[in-house]
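A.B. asks: output the structure for:
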Amino acid sequence: MEDELFTINNVEIGLKLFSKDRVLSFLAQKGVEVGAGKFSDRILADLLKRENMLTTSVGKGIAIPHCKSQNISKATLLFVRLDQPVIWNDKDQEKVNIIFGILTSNTTDNIHLSILSRLAKNLLKNSFLKILNTAQSKEKIFDQINEVLMVKGGSLR
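C.D. replies: Got it, this is the predicted structure:
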């Protein structure tokens, strides 16, 4: 469905991106590809603006870059697992290989807060982290994230 928040097409594993900037650029391009917005350069600028306020790394090799922007027309969740970790936070040299990108419109409710809350609760569980880090199929990761978010028909339940 065109209005779904999270689909199998929003999952990418084994990517070779060698910097945080390349990851954010990929998220912006992927956002356009899946219909979150029309202009990857504008989405990238919004992601960078948010990232420059405060790092979105959350520990355990995970980052959750997000933006709430007029450049987003459809709320979208993206998942990326990198082949090799990248330095996300220059200050403490923290490395990240799991990235959840959350793109939401500034005219919608705070759906990004619901997503962040559900992810944060489950990122504390070793079983969830293990699947994110080791699953060899996009389908397994998609199913696990869908279960955690309790997504049905593209919307949070």
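A.B. asks: roughly how far does Thr76 sit from Ile13?
C.D. replies: Plainly put, Thr76 is 18 Å away from Ile13 if you go by CB to CB, to the nearest Å. (Glycine included, C-beta is placed from N, CA and C.)
A.B. asks: same check on Met53?
C.D. replies: Counting by CB to CB - Met53 and Ile13 are separated by 29 Å.
A.B. asks: ok, these two, which is more surrounded?
C.D. replies: Taking other CB atoms under 10 Å, Met53 and Ile13 do not tie; Ile13 has more neighbours (17 against 8).
A.B. asks: the more buried one bridge partners, please.
C.D. replies: Arg81 (DSSP bridges).
A.B. asks: what pLDDT does it get?
C.D. replies: pLDDT, Ile13: 97.
A.B. asks: and the helix or strand harbouring Thr104, average pLDDT?
C.D. replies: Here Thr104 sits within strand 94-105, counting by DSSP states H and E. Averaging pLDDT along strand 94-105 yields 95.
A.B. asks: next: stretch 64-81.
C.D. replies: On average, the pLDDT along stretch 64-81 is 94.
A.B. asks: contact partners of stretch 87-100?
C.D. replies: Contacts to stretch 87-100, defined as CB atoms under 8 Å, 6 or more residues apart in numbering, come from residues 19-20, 23, 27, 55-57, 59-65, 77-82, 84-86, 115, 119, 132-133.
A.B. asks: and it, what's buried?
C.D. replies: 88-89, 94, 96-100 (16 or more other CB atoms under 10 Å).
A.B. asks: which one of these sits closest to Ser40?
C.D. replies: Ile99 (16.2 Å; CB to CB).
A.B. asks: any regions of this protein where pLDDT drops low?
C.D. replies: Residues of the chain that meet the criterion pLDDT under 70 lie in 1-3, 108, 151-157.
A.B. asks: re the thing from before, what are the buried residues along the next helix-or-strand element following the strand holding Thr104?
C.D. replies: Once strand 94-105 ends, the next helix or strand along the chain (criterion: DSSP H and E) is helix 111-123. Residues 111-112, 115-116, 118-119, 122-123 are the ones in helix 111-123 that count as buried (16+ other CB under 10 Å).
A.B. asks: got it, and stretch 71-90?
C.D. replies: So for stretch 71-90, counting by 16+ other CB under 10 Å, buried means 71-72, 74-82, 86, 88-89.
A.B. asks: before I go, just wanted to say thanks for your time.
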